[in-house]
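**Student:** The amino acid sequence is not available; the structure is as follows:
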Ligand code: PEP
Ligand code: MN
């Protein structure tokens, strides 16, 4: 539920509300907006809610108590009206600016990664992506360089200054991935891996949660709630395309999801047109559409020689293709008054 204190509620009166919530078994999350402070409360069973609402509304400093009827609470916009801003160093995602993350699908070698990192930085990317642990549909295909890949990502960050996002596949790897990554990526195939979600929720690293390929928006937000209930609310939601009857493209990028999720949740939304389309020639157009629809960030795959990529070459941009996409995104961002 959400507690709206009266305007002019003092700090001491706020503390009194928090003490009552605590005694009723709720944990409180305070959002201080420009106009007013609201308190979100979760934890006690729904069956105790009406009694709690009555007690809270009897406090003179409480204007109103509104139950959050959505099944997910912490990540819902009812609970926290203002946008969450995810911060990575001096980069802010969710504050109205546009952030681009780019890099290879998979870290293949020092040369491949460093060349790509330099090229994407030069073209304006703010965050470097690269998979060290790869979720492969077939157990016989390349599984990534593992720890060696993480070390190469750290080296690329040291050289370029770009923060790093990389996927963690297994709860047992969260610790080592945290040593090297600035943002933890949860892949589409792991969206409902609840033990992994809880593990990354226990860290204080930002997490990018990809939408499962057959997940509804509500299921996706439930998965985000798992992370948030462990105390980590620095969450990015990434739309990466869903499975439909259409076979002309690898996935169907759900453009609707961008504004739909932003209405339901305060979390920033990232668009992945690489996995969303599976085809290099479609990445730029869909990236532009995603920015126009309000995506807070875009993540794309870039490779020095896509035809030789060990994974996802068909959807990887060349350096020149990435440069062109960035120029186009700048035009759209500036038309919307957003800085890049
Ligand atoms: C990836 O980012 O390379 C990846 C495997 O993505 P997804 O989990 O969306 O398939
Ligand atoms: Mn990929």
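**Tutor:** Cool, got the structure. Note that this is a predicted model, so its numbers are computed, not measured. Numbering: from 1, shown residues only. Ligands and ions are numbered 1, 2, ... in the order given.
**Student:** hey, let's count contacts and neighbours off CA atoms from now on
**Tutor:** Noted.
**Student:** Can you find the helix or strand of this protein with the lowest average pLDDT?
**Tutor:** strand 27-32 (a mean of 86; mean pLDDT, DSSP states H and E).
**Student:** so what's the residue in the chain that ligand 1 sits nearest to up against?
**Tutor:** Proximity of the chain to ligand 1 (C-alpha to the nearest ligand atom) peaks at residue 187, 3.3 Å away. Residue 187 makes contact with 135, 167-169, 209-212 under the criterion C-alpha atoms under 8 Å, 6 or more residues apart in numbering.
**Student:** and the residues you listed as JSON lines, adding distance to ligand 1, pLDDT and neighbour count?
**Tutor:** Below are the contacts of residue 187 laid out as JSON lines (distance: C-alpha to the nearest ligand atom, whole Å; pLDDT from 0 to 100; neighbours: other C-alpha atoms under 10 Å):
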{"residue": "135", "distance to ligand 1": "6", "pLDDT": "86", "neighbour count": "19"}
{"residue": "167", "distance to ligand 1": "7", "pLDDT": "98", "neighbour count": "23"}
{"residue": "168", "distance to ligand 1": "10", "pLDDT": "98", "neighbour count": "28"}
{"residue": "169", "distance to ligand 1": "10", "pLDDT": "96", "neighbour count": "21"}
{"residue": "209", "distance to ligand 1": "9", "pLDDT": "98", "neighbour count": "27"}
{"residue": "210", "distance to ligand 1": "6", "pLDDT": "98", "neighbour count": "26"}
{"residue": "211", "distance to ligand 1": "7", "pLDDT": "98", "neighbour count": "27"}
{"residue": "212", "distance to ligand 1": "8", "pLDDT": "98", "neighbour count": "24"}
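**Student:** how does this protein divide up, domain by domain?
**Tutor:** Here the domain parsing of the chain from automatic domain parsing is 2-66, 86-335.
**Student:** Indicate which one of those is closest to residue 76.
**Tutor:** The closest of these to residue 76 is domain 86-335. By C-alpha to C-alpha, the value is 4.3 Å.
**Student:** Residue 149: neighbour count?
**Tutor:** 23 (other C-alpha atoms under 10 Å).
**Student:** I would like the residues contacting the helix or strand that comes right after the least confident helix or strand of the chain, please.
**Tutor:** Once the chain leaves strand 27-32, the next helix or strand it forms, by DSSP states H and E, is strand 37-42. Applying C-alpha under 8 Å, 6+ apart, the contact partners of strand 37-42 are 1-5, 21, 26-32, 73-74, 79-80.
**Student:** Would you mind pulling up the elements that the least confident helix or strand of the chain packs against?
**Tutor:** Under the contact criterion of 3 or more C-alpha pairs under 8 Å, 6 or more residues apart in numbering; DSSP states H and E, strand 27-32 touches helix 11-23, strand 37-42.
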